[in-house]
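Trainee: Have a look at this prediction, sequence included:
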Amino acid sequence: MLKSLQFTDAKALSLINETALGYAFSVEQTAQQLDKLLADPQHFFIGYADDQSGDLLGYVHAQQYESLYSEPGLNVLALAVLPAAQGRGIGRQLMVALEDLAHQRGFAFIRLNSASHRLEAHEFYRRIGYDGDKTQLRFIKLFEEGNDD
């Protein structure tokens, strides 16, 4: 069943992020970020919990996307489902719920990035109506604490 995410979901989210996406981010760090982002009206979270146990099985996180070259939309930052729960339509239900939210709030589109090696994810997005319209690289510069470079 679809649900709103809450601060108490931090432990489950940390597990989902590690097992489904490969991001090892501690429960404490996840809780800190979740607390901050739940209070930010430009961030949207939808969870999916098991009907019987209530355990969180997956979630989608999107942020309002604004630029000088497009109408406002949503940028999906994460769509993740526990590996044991994949293939049951949970990801599709999460994306449909996000699309409904986008329509209700007047957003013009939903966009997302997916790593080039995640071929199964690309097929999933195509099956639910998303077009892969460009190839790009992500560039990142990490800052270490106390490093002024």
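Mentor: Yep, that arrived. Numbering: from 1, shown residues only.
Trainee: In three-state terms, label the residue nearest the centre of the chain for me.
Mentor: The residue lying closest to the centre of the chain (Cα atoms, centre = their mean) is residue 78, at 1.9 Å. Residue 78 falls in the strand class when you classify it by DSSP: H, G, I helix; E, B strand; the rest coil.
Trainee: Figure out the helix or strand that the residue nearest to it when sequence neighbours are not counted lives in.
Mentor: Among residues not flanking residue 78 along the chain, residue 61 sits closest, at 4.4 Å (Cβ to Cβ, 6 or more residues apart in numbering). Bear in mind the C-beta positions are built from the backbone N, C-alpha and C, glycine included. Secondary structure from DSSP states H and E places residue 61 in strand 56-65.
Trainee: what packs against that strand?
Mentor: helix 10-16, strand 43-49, strand 73-81, helix 90-104 (3 or more Cβ pairs under 8 Å, 6 or more residues apart in numbering; DSSP states H and E).
Trainee: tell me the angle the second one makes with helix 90-104.
Mentor: Right, strand 43-49. Between the axis of strand 43-49 and that of helix 90-104 there is an angle of 140 degrees, by axes from the mean of the first three to the mean of the last three Cα atoms, to 10 degrees.
Trainee: roughly how far is strand 43-49 from the heart of the chain?
Mentor: Averaging C-alpha positions (Cα atoms, centre = their mean, to the nearest Å) puts strand 43-49 8 Å from its chain's average.
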